[in-house]
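Undergrad: My questions concern the predicted model and sequence given below.
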Amino acid sequence: MRFFSPAALGFAAAVLPIILLYVLKLRRKEVRLSSTLLWRQLVRDFQANAPWQRLRRSLPLFLQILIVVLLTLALARPYILTARAGAGDTIVIVDLSASMEADDLTPSRLARAQGAVEQLIARMGPRDTMSIIGMGPLPRVLIAGSRDRRALGAAIGGVAAVSGPADLGKALSLADSMARGKADVNVILVGDGGYADLGPDFPLTLPVTYVPIGGTAENVALTGLSARSVGSHTVAMVRVINHGHRPAQVDLTLNVDGSLRAARQLALAAGEEKDVFWEDIPPGARTLQAHITGGGALKADDDAFAVIAQDGAAKVLLVTKGNLFLEKALTLYPGGELYKVTPEEYRAQDYDLYVFDGFVPPTLPKGNIICFDPPVGAWPAQVGPAVAAGAVRPAKASEQLLSYVDLNQVHVAKAKQLAVPTWGRAVIEADAGPLLVAGEDGGRRTAVFAFDLHQSDLPLRTAFPILVQNLLAWELPARGGAVAEEIDGRLRVTALPQAETVEVTDPGGRTTRVAPPFPPSFLESPRPGIYRVTQKWQQKQAESYVAVNFPAATESALDVPEHLTVGSKELRGQAKSPVESREVWPAAAVVALGVLSLEWWVYHRGS
Amino acid sequence: MNRSGCDFGREGVAVLSETDGLFDAELLKKIERLSIVARKSLAGRSAGKRRSPRRGSSVEFADYRNYTSGDDFRQIDWNAYARFERLYLKLFMEEQDTTVHAFVDTSRSMEWGTPSKARLARQLAGALAYLGLTSFDNVGLGSLGAGLERYYPPVRRRGEIWRIFEFLEGLPVADETDLNRSLRDFGRYRRGPGIVFVISDFLAPGGYREGLSHLRAMGQEVIAIQVLSADEVAPEMAGDLRLVDVESGLAQDVSVTPGLLRAYRERLAAYTGEIEDFCRRRESAFLQVLSSDKADEVVARSLRRAGIVR
């Protein structure tokens, strides 16, 4: 407790005269009585003849001293520090982004943020509630609307930084939905302010107090390690950025498949970026790791990882007069590079997959083929004129290409008559005949759709992108068929259609089975490093590698802004923890009045 | 008291012409038909109006008993002999006189109150003496101070009443009170049974128990009358006071609060209860009166209700 008027504490000296009055005997009015016999029996006190008497335990004396103490307190205007949010509901958003691991503050920014939230918890009033949101790529409610300080403390004590950036927009939206229907909800944002711009139209309805954690820090980051084949050899490149305000000198090393391959020293001016190339990557290398020593406050961005594509990305050529549905579905495939030409521009080149839409070239190319609505009489299958298709159904219940594909809501108006070739099988059929046939024609995987996508509502169904992905995974087996990628701070694995088990081995060597069940589960908050994805089916297995990198683009710049702009509002940083002083003298005065009444009652009761 | 204003009329009733003194004709007139009742029969030496435990020759039949040699022939019931052929003696109540003493506390504390406690005490003593004389009892008086300071030996003549009044009016105020010693002193003047009225505030520092017990040991029937003033029963004062005892001069500092006044009233009630309990255990009577009470009403109502007079 602190005081606005500490000098008023001197009023406590009024206790001394009170005690003195009790010690000194009173000058009493003399009254003559017939006999004091009964009074003497009744009152056995006041016998001493000395001008003072021993201080006895006296309730009125105690109460009078208490009144003086309380009034002194009230005059000194005591105040306590409380959360600025004051009474009511507080939602605390704690930044858990990767940059919070920076150690420019001791022990880390995250620990400081935890301390700030613990202070807020300690200053909660008995009726106040608090919710805590952990802000990473996806916001998570750590605890909601709790008055239990211990539970709140446990919730904030158990957080850890994630490897991704913080999405302030999603966290504020979550806070907004939590505050809906409540009055006087305050939001306190505790973090280092490294957030993507939310744009001027972001609707910020809640009052937000921004508590910046951190200051200026020196940091050198690695970003964008990549490798590509140029002719017969592989070239690796990495970008080194000095985010600090002073020149930095770092030692850069490159590990290839876990072995040191190259090292060099770099000197970077403040804010300087340098691209570093290595041209002697041995053929057959699978993984790369770049590392800098002396990288500053944030250790996580001192490493960068990359996986060398064995055959380069799968090249897919779409030949169409224009089919937005198909183009979008094909671009969703993570392991391919999509090229598009019109039938007139078509030239057979070295593509891994050709997708023909309403067109079939006179001579089939070497790669695999997916063909939509082939012209009548054209190859690759015997094609007859279009007829009404009728009801659509899977040709076989256990068709792997139809995994997770629901055809119940799919309708096809017209489809060309298609004969099932000897090398293929019907995958989807209708009353009028097969709608999709697939098979391997002399080493060329081929799938033929008998209808124009515009004659069907298939592109409008969720079945369509799944079907296309299944087809692509089947058509491009050389890519390993499985791609894992990091989305929103989670590692997502896309399994091969035939895969029976999918396992992910993290950089620390710990293996996690993510499937079955399918689709594979997410791997939460993956640390930067090389992950190995192993898929097994029957006696076979496919291995692929995924590099998870620190989000250096958003997280490595450690300077903490003094204020944040959210929508049209500017949030000024509170230099200290967001507390305010709340005067409590009225409480002391009320208690003093109560004690005064009690003293009056005690006196008249005659105790 | 003006002796010339008082004489006994044809019926032996004292008539007082003055009304501003302690005693007036009105008081005596109101109580003249009353007499003091002994709780148990008392043996006196001469015939009076009081029943004696001795069987005697009065007209009131008491009992029969077998004749034994030496008995008075005149007391044989010949009717009973005719019926039972055995000799029975017929016994009669013998009415005898007794001695009534009234002791008045004359300490300074009795001067307290408006009217003073002493005034009522002396009026009561006079009234009781008057009742005693009209009942042909011997009546004696005494004043209680540091000892039995004045003693008026028992008299039987009704004509003594005005001298008794004079004695009472002339009693000096004693500087201190010692009830025990005063009542013990009474043993020097008197032996044997009788009735003793002790009229006091019983606020003597030395207590009262020993004195009252001594009277009982003498065979006296004791009637204790406590006279208190209104401000002793319900004092009205407040604040920080020094209470000074008018008798002993002792001072007592108190901070008077409503609670303390309540405690005082409880203490007084307990003290009075102790006296009453003490008397009851010794077959004595106790009566508390206020100094503002009228003497005739105390005698005619309170003493009558208590069975002390009838």
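TA: Okay, I see it. Numbers count the residues shown, from 1 in each chain, chains lettered A, B, ... in the order given.

Undergrad: Any idea which residue of chain B lies closest to chain A?
TA: Proximity of chain B to chain A (CB to the nearest CB) peaks at residue B:259, 1.2 Å away. In short, each C-beta sits where N, CA and C put it, glycine included.

Undergrad: tell me which element that residue falls in.
TA: Taking DSSP states H and E as the criterion, residue B:259 maps to helix B:258-281.

Undergrad: per-domain residue ranges of the chain.
TA: Let's take chain A. Domain assignment for chain A by automatic domain parsing gives A:2-80+A:585-605, A:85-217+A:558-577, A:220-308, A:314-478, A:480-547.

Undergrad: please go with chain B instead
TA: Taking automatic domain parsing as the domain assignment, the ranges for chain B are B:3-40+B:98-305, B:50-96.

Undergrad: Find me the pLDDT at residue 49, would you?
TA: By default, I'm working from chain A. Model confidence at residue A:49, given as pLDDT, is 40.

Undergrad: please go with chain B instead
TA: 50.

Undergrad: ok so, going back, out of the domains of chain A, nearest to chain B?
TA: Closest approach to chain B among the domains of chain A (CB to the nearest CB): domain A:2-80+A:585-605, 3.4 Å.

Undergrad: Out of the domains of chain A, which gets the lowest mean score?
TA: domain A:480-547 (a mean of 76).

Undergrad: Would you map the strands across the stretch 51-200 of chain A?
TA: Assigned by DSSP state E, counting those that start in this stretch, the strands in the stretch 51-200 of chain A fall at A:78-83, A:89-95, A:129-135, A:139-146, A:185-191.

Undergrad: Nearest to residue A:458, out of those strands?
TA: strand A:139-146 (35.9 Å; CB to CB).

Undergrad: Give the buried residues for that closest one.
TA: A:139, A:142-143, A:146 (16 or more other CB atoms under 10 Å in any protein chain shown).

Undergrad: Show me what that strand is packed against.
TA: In terms of contacts (3 or more CB pairs under 8 Å, 6 or more residues apart in numbering or on different chains; DSSP states H and E), strand A:139-146 is packed against strand A:89-95, strand A:129-135, helix A:149-157, helix A:168-179.

Undergrad: please redo it, this time with the cut-off set to 6 Å
TA: Contact partners of strand A:139-146 among helices and strands, from 3 or more CB pairs under 6 Å, 6 or more residues apart in numbering or on different chains; DSSP states H and E: strand A:129-135, helix A:149-157, helix A:168-179.

Undergrad: any idea which of those is most buried?
TA: Most buried of the helices and strands packed on strand A:139-146 by mean neighbour count (mean count of other CB atoms under 10 Å in any protein chain shown) is strand A:129-135; its value is a mean of 24.

Undergrad: between that one and helix A:168-179, how many degrees?
TA: If you take axes from the mean of the first three to the mean of the last three CA atoms, to 10 degrees, strand A:129-135 sits at 160 degrees to helix A:168-179.

Undergrad: Just give the strands next to strand A:129-135 in its sheet, each with its orientation.
TA: Neighbouring strands of strand A:129-135 in its sheet, by DSSP bridges, are strand A:89-95 (parallel), strand A:139-146 (antiparallel).

Undergrad: quick one: contacts of it?
TA: With CB atoms under 6 Å, 6 or more residues apart in numbering or on different chains as the test, strand A:129-135 has contacts from A:89-96, A:139-145, A:147, A:152, A:155-156, A:159, A:166, A:171, A:174, A:178.

Undergrad: rerun that using 8 Å as the cut-off
TA: Residues external to strand A:129-135 that are found in contact with it (CB atoms under 8 Å, 6 or more residues apart in numbering or on different chains): A:88-97, A:117, A:120-121, A:124, A:139-147, A:152, A:155-156, A:159, A:166-168, A:171, A:174-175, A:178, A:191.
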